[in-house]
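J.: Provided below are the primary sequence and the corresponding predicted coordinates.
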Amino acid sequence: CFEILARHIPIDFETRLLDFGCGIGRVILTVLQHRPYLKGITGIDIIPELIRFCEAEIAEPFPHVNFELLAENNDHYERFKDGTPARSRGELTRSYGDAFDAAYAFSVFTHIDGKDFVSLLRFVATMLKPGGRFLFTAFILTPFSRAMLATGAAASQYANSAFLEGGDIFIGDRSDKLAFIAFDIGRIEAMVFEAGLIPCTVEYGEWRGGGLTRSLQDVVVCRKPLA
């Protein structure tokens, strides 16, 4: 993950990063290992136990790192909630509006429904400075990835899969729609643009098969327009 970040996001002494969907803080720790001098990192997640772990194990020894619990529903992760009070999007926007030089989200938008995709992108955009970069991973349907899925040559097999909405969306498991969800490349770009961001770079991942790429998931880099 850090190698992917380093290819697309400059990190120096003045950089404030947002880790959206930070989980147990694995990427944050790697960033701190390679760029310990950056200005700060804020991690956001929707699972209380993960945030408690990060606050105890990461925020305490690293004072320039903090964590926030976001009040957000997700069918795939709802079973991990325990009723811990969380902050709304509006509250976090008021605290962090235009605060971050860059943000990233690894393995987050691979579990986001189409109806929530744009609004979450827009939410992250509110916390970026003008010109700020947002890197997120996704599964993207292209002629190549569609062919690999059709022939069974993709890196993983999906026995209970389905195409939805005229083929624009692919789910790997009908019983857990958000366990693996892919979107057509045109739809991805349209959603990024609708959220007020500018699509800049796509780096395709090895989930499609082929053995020639450097990451598992597809990587999308976009930017917030200048004021």
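T.: Good, I have the coordinates. Numbering: from 1, shown residues only.
J.: quick one: buried residues of the strand of greatest length in the chain?
T.: In the chain, with assignment by DSSP state E, the single longest strand is strand 128-141. Using 16 or more other CB atoms under 10 Å as the test for burial, strand 128-141 gives 128-129, 132-141. (Each C-beta comes from the backbone N, C-alpha and C, glycine too.)
J.: what pairs with that strand, parallel or antiparallel?
T.: The pairing partners recorded for strand 128-141 under DSSP bridges are strand 100-105 (parallel), strand 181-184 (parallel), strand 218-223 (antiparallel).
J.: contacts for the second one, please.
T.: By that I understand strand 181-184. 110-114, 117, 138-141, 145, 167-172, 191 (CB atoms under 8 Å, 6 or more residues apart in numbering).
J.: which is the succeeding secondary structure element to the host helix or strand of G43?
T.: Assigned by DSSP states H and E, G43 belongs to strand 40-45. Next along the chain after strand 40-45, taking DSSP H and E as the criterion, comes helix 48-54.
J.: got the buried residues for that next one?
T.: So for helix 48-54, counting by 16+ other CB under 10 Å, buried means 48, 50-51, 53-54.
J.: how far off strand 100-105 does the strand holding G43 point, in degrees?
T.: Calculated by axes from the mean of the first three to the mean of the last three CA atoms, to 10 degrees, strand 40-45 forms an angle of 40 degrees with strand 100-105.
J.: so which elements touch strand 40-45?
T.: Secondary-structure packing of strand 40-45 (3 or more CB pairs under 8 Å, 6 or more residues apart in numbering; DSSP states H and E): strand 16-20, helix 26-34, helix 48-54, strand 65-69.
J.: give me the helices and strands touching the longest helix seen in the chain, please.
T.: Taking DSSP state H as the criterion, the chain has its longest helix at helix 114-126. Using 3+ CB pairs under 8 Å, 6+ apart as the contact test, the elements touching helix 114-126 are helix 89-96, strand 128-141, helix 185-194.
J.: list of residues touching it?
T.: By CB under 8 Å, 6+ apart, the list of residues contacting helix 114-126 reads 18, 20, 74, 89, 93, 97-98, 103, 105, 109, 112, 134, 165, 169, 183, 187, 191-192, 194-197, 224.
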